[in-house]
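[1] Turn this into a model:
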Amino acid sequence: MRAIRVAANGGPEVLEYTEAEVPDPQAGELLVEVAAAGVNFIDTYQRSGIYSMKLPFTPGSEGAGTVLAVGPGVTGFGIGDRVAWVMIPGSYAERAVVPADKAVRVPDGVDDRTAAAALLQGLTAHYLITSTYPVRTGETALVHAAAGGMGLLLTQLIKSRGANVIGTVSTPEKEKLAREAGADEIIRYTEEDVAQDVANLTDGRGVDVVYDGVGKTTFEASLASLRPRGMLALFGASSGPVPPVDPQRLNAAGSVFLTRPSLAHHILTREELDRRAEELFGWLVSGTLKIRIGGSYPLSDAGRAHEDLEGRRTTGKLLLLP
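    Residues are numbered from 1 along each chain as shown. Okay, here's the model as predicted:
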């Protein structure tokens, strides 16, 4: 089979498209023909070495496809079943081995590409708006990078719960996408003072919650945009990690809350994974949530996909197609 391998940390050029052995599913595992693999910022962190990985490795934390073989002891899945997975390395390949207890069945009404595009960001959006800060009718949320894959999902789900969205974007094209997803107000962060605009838009009150997946370049504005006792959910760092913060600053900002959640801690049990995935797929089937696939690349073009993602030339979700 063909796969992407990383033998040394570095830029997109270290993503090597090469021959690899087809893995055998061991006890409790599925061998899956990969229909599509999601491209996420975590893949770039692992490739560059920001997140340490044992070298060499095949990147890709998310995908969907069809079961080709099952290992000993597997129950609940059979050959021909369509499945998706998240937080499992090795998806940038034509075949992948997936632990059966981490796979979720893809329902009728959700195609493979949508499933691959939805799971990591969709489950993240799910826990952010239902567990980290369960946003309520009438509240206002600030969503950074509102035209990105996560931003578009968060905006739709926040609006479905009756709350208001202030989104930040960099271009008129991205503003159009964010507004189509339901954003009530848009701030061009490259041209305007985000915290001041938030104050103006909320009559000086501030927002109830900030969903910030950008990190270093947005953190100060996020903190300054909160109402007293508001919540800053820092779930990513696409612009780089946030420097250390003196806890006293949370007091000075209005006794606000700061949390750094991750998906892994919100799908710790099979029951929780199934519950969140079932609700996510239900939103997709009902039309409550729409996935925008902003770009699809052949597996051999993984390097270009990473360049486009890191260069902020994309909107929505990126996929690799083996």
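[2] residues near residue 245, how many?
    Look at residue 245: counted by other CB atoms under 10 Å, it has 12 neighbours. The C-beta positions use only the backbone N, C-alpha and C, and glycine is treated the same way.
[3] Correction: the previous question concerned residue 75.
    The tally of other residues near residue 75 (other CB under 10 Å) stands at 8.
[4] how is this structure carved up into domains?
    2-120+269-321, 137-260 (automatic domain parsing).
[5] so which of those comes closest to residue 131?
    Proximity to residue 131 (CB to CB) singles out domain 2-120+269-321 among these, at 9.1 Å.
[6] Distance from the chain centre to the closest one, please.
    Relative to its chain's centre, domain 2-120+269-321 lies at 12 Å (CA atoms, centre = their mean, to the nearest Å).
[7] quick one: average pLDDT of that domain?
    Domain 2-120+269-321 comes out with an average pLDDT of 96.
[8] Pipe the domains of the chain into JSON lines and attach distance to residue 128 per row.
    Output for the domains of the chain, formatted as JSON lines (distance: least, CB to CB, whole Å):
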{"stretch": "domain 2-120+269-321", "distance to residue 128": "11"}
{"stretch": "domain 137-260", "distance to residue 128": "6"}
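[9] in stretch 110-123, what's buried?
    110, 112-123 (16 or more other CB atoms under 10 Å).
[10] swap that for stretch 202-209, sorry
    With burial defined by 16+ other CB under 10 Å, the residues of stretch 202-209 counted as buried are 202, 206, 207, 208, 209.
[11] closest to residue 78 among those?
    Nearest member of the buried residues of stretch 202-209 to residue 78, counting by CB to CB, is residue 209, at 42.4 Å.
[12] Run a quick neighbour tally on residue 297.
    Using other CB under 10 Å, the number of residues around residue 297 comes to 18.
[13] swap in residue 132?
    Other residues close to residue 132 by other CB under 10 Å number 18.
[14] Surely it and residue 261 touch.
    Yes. Using CB atoms under 8 Å, residue 132 is in contact with residue 261, at 5.2 Å.
[15] Quickly list what's touching both of those two.
    233, 235 (CB atoms under 8 Å, 6 or more residues apart in numbering).
[16] And the strands in the stretch 51-200 of the chain?
    62-70, 82-86, 95-99, 104-105, 140-143, 164-169, 185-188 (DSSP state E, counting those that start in this stretch).
[17] most packed of those?
    Highest mean neighbour count among these (mean count of other CB atoms under 10 Å): strand 140-143, with a mean of 28.
[18] Using CSV, list the CA coordinates for that strand.
    The C-alpha coordinates for strand 140-143 follow below in CSV (Å, rounded to 0.1, in the frame of the first residue of the first chain):
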residue,chain,number,x,y,z
THR,A,140,-23.2,35.7,23.4
ALA,A,141,-20.1,33.8,22.4
LEU,A,142,-16.9,35.0,20.7
VAL,A,143,-15.6,32.5,18.1
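[19] how much space between residue 278 and residue 151?
    Distance of residue 278 to residue 151, computed by CB to CB, to the nearest Å: 24 Å.
[20] Over to residue 120?
    14 Å.
[21] re earlier: okay, residue 278 and residue 151: which has more neighbours?
    Set side by side, residue 278 and residue 151 show more neighbours around residue 151, with 29 against 13, by other CB under 10 Å.
[22] tell me the contacts of that one?
    Residue 151 neighbours (CB under 8 Å, 6+ apart): 143, 144, 145, 167, 178, 181, 213.
[23] The closest residue to the fourth one other than its chain neighbours: what's it in contact with?
    To tie it back to what came earlier, the one meant is residue 167. Sequence neighbours aside, residue 146 is the residue nearest to residue 167 in space, at 2.8 Å (criterion: CB to CB, 6 or more residues apart in numbering). Under the criterion of CB under 8 Å, 6+ apart, the neighbours of residue 146 are 152, 154, 155, 165, 167, 168, 169, 174, 178, 181, 183, 186.
[24] of all those residues, which comes closest to residue 239?
    Among the contacts of residue 146, and counting by CB to CB, the member closest to residue 239 is residue 168, at 12.1 Å.
[25] re earlier: quick one, which of the strands of the stretch 51-200 of the chain is nearest to residue 303?
    strand 62-70 (18.2 Å).
[26] Can you give the strand pairings for the closest one, parallel or anti for each?
    strand 29-39 (antiparallel), strand 82-86 (antiparallel) (DSSP bridges).
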